[in-house]
Structure formats: C-alpha cells, structure tokens
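>>> okay, sequence plus prediction incoming.
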Amino acid sequence: MAWAYQTSSTYSVEGISVAVDNQGYVYTTGNFKTQTDFDPGPDVFNLDVVQLGYSDIYITKMTPGGQLVWAKK
C-alpha cells in the first residue's frame, strides 16, 4: 500500500475490513458513532449517524491513489 489516511471524527471510528478489486480500488468497512468526515483530502464528506449513541456501519471506495470515490452508510 502506498498511502494511508485517518478519518476526522469527535469519537472513534473502527475499521473492520479492507479489500482491493482487480483495478486497484480500495474498499473499507467499519462503524462510527458520530458525524465523521471520510474525505482524506481538504474537502469534507460527512456521514451522520441515524441516532446518537448508536453505531452505524460504513463502506468507502478509494482510488488506487487514495482519493475518496464515495462513502455510504
């Protein structure tokens, strides 16, 4: 892997799984408990939890170079 990034959140974000497809796109899954910025660059891509105090799951798709393609919950 040529890159790494950290999400921005006021609470912990737990990564569970990482997979890479045959084109080099990276998919990550995990859970988060508060609004979290999943864009590793200067832009902001926030996901909000459905209900405070409870975890939501997420999945992200990153380019082979580490840019966010999308994040969903």
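Done, it's in. Because the structure is predicted, anything quoted here is derived from the model rather than measured.
>>> tell me which residues form a beta bridge with the nearest residue to Asp43 once chain neighbours are set aside?
In space, and not counting its chain neighbours, Asp43 is closest to Leu68: 8.0 Å by C-beta to C-beta, 6 or more residues apart in numbering. For the C-beta atoms, the positions are set from N, CA and C on the backbone; glycine is no exception. Beta-bridge partners recorded for Leu68 (DSSP bridges): Met62.
>>> near Leu68, how many other residues are there?
Close neighbours of Leu68, defined as other C-beta atoms under 10 Å, add up to 17.
>>> can you pull the contacts of it?
The neighbourhood of Leu68, defined by C-beta atoms under 8 Å, 6 or more residues apart in numbering, consists of 38-41, 43, 45, 60-62.
>>> isn't Val13 right next to Thr36, touching?
Yes: with contact defined as C-beta atoms under 8 Å, Val13 reaches Thr36; the gap is 5.6 Å.
>>> Throw the contacts of Leu68 into TSV and include distance to Val18, neighbour count and pLDDT, thanks.
What follows is the contacts of Leu68, written out as TSV (distance: C-beta to C-beta, whole Å; neighbours: other C-beta atoms under 10 Å; pLDDT from 0 to 100):
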residue	distance to Val18	neighbour count	pLDDT
Phe38	14	24	83
Asp39	18	16	84
Pro40	14	18	83
Gly41	19	10	81
Asp43	22	9	84
Phe45	19	15	81
Thr60	10	23	93
Lys61	12	14	96
Met62	10	22	93
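>>> nearest to Ser17 among those?
Thr60 (11.1 Å; C-beta to C-beta).
>>> any figure for the gap between the closest one and Gly53?
Counting by C-beta to C-beta, to the nearest Å, the gap between Thr60 and Gly53 amounts to 23 Å.
>>> could you do Val13 as well?
Per C-beta to C-beta, Val13 is found 15 Å from Gly53.
>>> compare these two (neighbour count), which wins?
The neighbour count for Val13 versus Gly53, taken as other C-beta under 10 Å, is higher for Val13 (18 against 7).
>>> mind checking how far the more buried one is from Pro64?
Between Val13 and Pro64 the distance is 22 Å, computed by C-beta to C-beta.
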